[in-house]
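K.L.:
Can you look at this prediction? I've put the sequence above it.
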Amino acid sequence: MFFVSLRLCARPKVYCVIETMPISSTILVESVSIAEILNGVPLGIVLLDRSLCVLRMNRFFEALTGYSEEDALGVPGNFIIRSDLHTRGQPFRQILVSGESLIQEGTILNCHRKKLPILFTISPLHDSEEQIAGLIVVLEDLSSVRHAERNAGGVDCMAKLLGHSPKMQEVFELLPVLARTDASLLITGETGTGKDKIAEVIHKTSKRARQPFIKINCGALPESLLESELFGHVRGAFTGAIMDKPGMFRLAQDGTIFLTEIGDLPLSLQVKLLTVLDDMEFYPVGGCTKVKVNVRVIAATHRSLREQVRDGLFREDLFYRLNVLQIHLPPLREREGDIRLLLDYFFRDFVSQLGSHIKGFSNASLEVLLAYGFSGNVRELSNIVEYAVNICPGEQITPEYLPKYLFAPENHQKSVVPGQPASVSSREERRHQTANKTETHSSENWNETEREMILGAMKKTGGNRTKAAELLGLGRTTLWRKLKAL
């Protein structure tokens, strides 16, 4: 941080006092032109004389205002610095009288009629006799700061999107690309995978971030109410319509409308939605005047729209209109390593909210949770952790404080759980060894052979499933599934 103090002398010389913080030092520079000094400061600077007319300016000031020094020389400063400060009084004149500096935020309107947020620093300019000879006005452009503040919501949302798995990294890499466009977007994925969070992040990191983000569930309302909810109605359109209603599309003007569960949208409304996507205009219910809108449409579904198109439940033309861009969110069971990451995140979050003193999950609880299939995905995982944190009275969450349905064998995932004691390479090696021992058996007899091998391993380990899984080169949950099947 530095401050520049200029003093004009009767002689054709000028010297500049530069104070640097936090260590103050004074540097005297003689025989340096005013232009060199001003252009060496990366801020907009203009010098005004006692009549408050432009005396000198630097190139940064020219870039901010759009006025060249030749055009502005001798022109009253108020005409060049068209600022809202002047609507709050006469700061330039007041500083000439009082001699006190002013630091204040405001805006300027440049020659292109573009409004810029500015931090003003206005200080008196002294001559060689210490008399006020004019003003030095420093303009700092705050546009980048304001842009960062506007996008802070998007940054916060991005911070809450957790996942180290390759599939989630692919999703994260796509988000900036999807945010830069206004094209229609279809988000697919099982229930609870976070489609609404992804849609919100895309909106908050887009150029529409300052405008509304409107979410509506297409399966939550009957057809008659849904049409009015989406497109609005005019007074008297139906019984009970005592006043005009704008509808969600009009409320989302210049922003984003998020249509979740688009697969549940009735066929009659699919036609109207297709018209909106094509023309960006529609008739409200009971209205005779078209309404034009400028919105981005993001749709989401947990269904297969291609299958619905094949079954005649969803219009093919609407599907292709929505599916301009597409992103698929993987289920939690396919996000290798993310379960533990999300467990820790939700645990810290709920413990902080409740002010609880719980320290964590026991090993037995973690074993149950890591073996579970999470058909409800991230939403279900969050609910389980919230339940456990609220129920547990001690310092550690043991299995007795987990929801009871977690212990039903049919609820455990049907794949090897990452993070088991055996390494991937050792498992593969043992699988090959097992395959070599049984290569004389035909594929028809494999089930019986596998049964004998599993039963033999269980007998050899005295019924210890962990040791039996190690012996067979299988994951513990895989062995659990096979035992149930046998």
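P.N.:
All right, it came through fine. No experiment lies behind these values; they were computed from the predicted model shown.
K.L.:
now the helices: where do they sit in the stretch 101-250 of the chain?
P.N.:
With DSSP state H, counting those that start in this stretch as the criterion, the stretch 101-250 of the chain has helices at 143-150, 152-159, 166-179, 195-204, 223-231, 248-251.
K.L.:
same thing with the stretch 251-400 of the chain?
P.N.:
267-279, 305-310, 316-322, 338-354, 363-371, 377-391.
K.L.:
can you put those helices in JSON lines and add mean pLDDT?
P.N.:
Output for the helices of the stretch 251-400 of the chain, formatted as JSON lines (pLDDT from 0 to 100):
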{"stretch": "helix 267-279", "mean pLDDT": "91"}
{"stretch": "helix 305-310", "mean pLDDT": "94"}
{"stretch": "helix 316-322", "mean pLDDT": "94"}
{"stretch": "helix 338-354", "mean pLDDT": "91"}
{"stretch": "helix 363-371", "mean pLDDT": "91"}
{"stretch": "helix 377-391", "mean pLDDT": "94"}
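K.L.:
Quick check: which of these is nearest to residue 38?
P.N.:
When those are compared by CB to CB, helix 338-354 sits nearest residue 38, at 51.2 Å. From N, CA and C alone the C-beta is placed, and that goes for glycine too.
K.L.:
So what's the gap between that closest one and the chain middle?
P.N.:
Its chain's average C-alpha position is 19 Å from that of helix 338-354, according to CA atoms, centre = their mean, to the nearest Å.
K.L.:
how big is the angle separating that helix from helix 377-391?
P.N.:
40 degrees (axes from the mean of the first three to the mean of the last three CA atoms, to 10 degrees).
K.L.:
got the contact list for helix 338-354?
P.N.:
The contact list for helix 338-354, computed with CB atoms under 8 Å, 6 or more residues apart in numbering, reads 162-165, 168, 332, 356, 358, 360-361, 366, 369-370, 374, 378, 381-382, 385-386, 389-390, 419.
K.L.:
same thing with stretch 303-321?
P.N.:
Here stretch 303-321 has contacts from 184, 186, 188, 262-263, 267, 270-271, 273-274, 277-278, 322-323, using CB under 8 Å, 6+ apart.
K.L.:
And for stretch 118-135?
P.N.:
5-10, 47-50, 52, 55, 64, 77, 83, 85, 91-92, 95-96, 99-108, 136-142.
K.L.:
burial measure for residue 297, as a count.
P.N.:
If you count neighbours by other CB atoms under 10 Å, residue 297 ends up with 23.
K.L.:
Let me fix that, I meant to ask about residue 227.
P.N.:
Residue 227 has 19 neighbouring residues, counting by other CB under 10 Å.
K.L.:
re the thing from before, what would the helices of the stretch 251-400 of the chain look like in a markdown table with mean neighbour count and distance to residue 245?
P.N.:
Listed next are the helices of the stretch 251-400 of the chain as a markdown table, based on neighbours: other CB atoms under 10 Å; distance: least, CB to CB, whole Å:
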| stretch | mean neighbour count | distance to residue 245 |
| --- | --- | --- |
| helix 267-279 | 15 | 16 |
| helix 305-310 | 15 | 29 |
| helix 316-322 | 17 | 24 |
| helix 338-354 | 16 | 37 |
| helix 363-371 | 17 | 46 |
| helix 377-391 | 18 | 31 |
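K.L.:
JSON lines please, covering those helices and showing distance to residue 243.
P.N.:
JSON lines is the format used below for the helices of the stretch 251-400 of the chain (distance: least, CB to CB, whole Å):
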{"stretch": "helix 267-279", "distance to residue 243": "22"}
{"stretch": "helix 305-310", "distance to residue 243": "36"}
{"stretch": "helix 316-322", "distance to residue 243": "31"}
{"stretch": "helix 338-354", "distance to residue 243": "40"}
{"stretch": "helix 363-371", "distance to residue 243": "51"}
{"stretch": "helix 377-391", "distance to residue 243": "37"}
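K.L.:
for the ones you listed, which one sits closest to residue 480?
P.N.:
Nearest of the helices of the stretch 251-400 of the chain (CB to CB): helix 363-371, 7.5 Å.
K.L.:
The strand ranked longest in the chain pairs with which strands, parallel or anti?
P.N.:
Looking across the chain with DSSP state E, the single longest strand is strand 115-127. Strand 115-127 has the following strand partners under DSSP bridges: strand 2-8 (parallel), strand 102-109 (antiparallel), strand 132-141 (antiparallel).
K.L.:
Assign residue 467 to helix, strand or coil.
P.N.:
Put simply, residue 467 is helix when judged by DSSP: H, G, I helix; E, B strand; the rest coil.
K.L.:
Distance of residue 234 relative to residue 76?
P.N.:
With distances taken as CB to CB, to the nearest Å, residue 234 is found 53 Å from residue 76.
K.L.:
Comparing those two, which shows the higher neighbour count?
P.N.:
Taking neighbours as other CB under 10 Å, residue 234 and residue 76 compare with residue 234 leading, 17 against 14.
K.L.:
Surely that one touches residue 283?
P.N.:
No - contact criterion CB atoms under 8 Å: residue 234 and residue 283 do not qualify, at 9.4 Å.
K.L.:
how far away is the residue lying closest to residue 269 once chain neighbours are set aside from residue 285?
P.N.:
With CB to CB, 6 or more residues apart in numbering as the criterion, residue 269 has its nearest non-adjacent residue at 5.8 Å, and that residue is residue 227. Relative to residue 285, residue 227 is positioned 6 Å away (CB to CB).
K.L.:
returning to what we had before: which ChimeraX command selects the buried ones in the contacts of stretch 118-135?
P.N.:
Here is the ChimeraX command that picks out the buried ones among the contacts of stretch 118-135, judged by 16 or more other CB atoms under 10 Å:
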select :6,8,47,48,49,52,55,64,77,83,85,91,92,95,96,102,106,108,136,137,138,139,140,141,142
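K.L.:
Spell out which residues make up each domain of this structure.
P.N.:
With domains defined by automatic domain parsing, the chain comprises 2-146, 159-329, 333-411, 424-485.
K.L.:
What is the distance between the second one and the centre of its chain?
P.N.:
Which is domain 159-329. Worked out by CA atoms, centre = their mean, domain 159-329 lies 18 Å from the chain centre.
K.L.:
Stretch 171-186: end-to-end distance?
P.N.:
Its start and end residues considered, stretch 171-186 measures 13 Å (CA to CA, to the nearest Å).
K.L.:
Would you indicate which residues of that stretch are buried?
P.N.:
Those would be 171, 174, 175, 178, 179, 184, 185, 186, for stretch 171-186 by 16+ other CB under 10 Å.
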